[in-house]
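J.: Sequence plus the predicted model coming up.
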Amino acid sequence: MEQKFSFEIVEELAVLSENAKGWRKELNLVCWNGNPPKFDIREWSPDHDKMGKGLTFTNEEMDTLKQFLTT
């Protein structure tokens, strides 16, 4: 059974990499199913119509990750 969901890319923050087919691994702020935006890292097709599996982070989780990466 296919699960339907909605998303809106609120802000495109960074492109981390791009493959030969034009898919880009991006850091964005994304609203999923009408919820408040979260930081999101995943691969996107060039038109943002298709996506790969990814990770989402709350503000608190992103702060913790940032602290870890800068120590």
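T.: Thanks, I have the structure now.
J.: what's the neighbour count on Gly58?
T.: For residue 58 the amino acid is Thr, not Gly. Per other C-beta atoms under 10 Å, the neighbour tally for Thr58 reads 12. No exception for glycine: its C-beta is placed from N, CA and C like everyone else's.
J.: Could you do Asn28 as well?
T.: 21.
J.: Could you say which helix or strand holds it?
T.: strand 24-32 (DSSP states H and E).
J.: His48 against Ile9, yeah?
T.: Yes - when contacts are counted by C-beta atoms under 8 Å, His48 is listed as touching Ile9 (6.3 Å).
J.: buried sites along the strand holding Asn28?
T.: 24-28, 30 (16 or more other C-beta atoms under 10 Å).
J.: for the nearest residue to Ser6 once chain neighbours are set aside, phi and psi?
T.: Spatial nearest neighbour of Ser6, chain neighbours left out: Asn33 (5.6 Å); criterion: C-beta to C-beta, 6 or more residues apart in numbering. Asn33 has phi and psi values of phi 50, psi 40 when expressed as degrees, to the nearest 10.
J.: thinking Asn33 is in contact with Lys4, fair?
T.: No - at 9.4 Å, Asn33 does not count as touching Lys4 under the criterion of C-beta under 8 Å.
J.: quick one, which of these two is more surrounded?
T.: Asn33 (9 against 6).
J.: Can you give the strand pairings for the longest strand seen in the chain, parallel or anti for each?
T.: Counting by DSSP state E, the longest strand found in the chain is strand 7-18. Strand 7-18 has its sheet partners listed here by DSSP bridges as strand 24-32 (antiparallel).
J.: Need the residues that contact the partner strand.
T.: 5-18, 37-44, 46, 56 (C-beta atoms under 8 Å, 6 or more residues apart in numbering).
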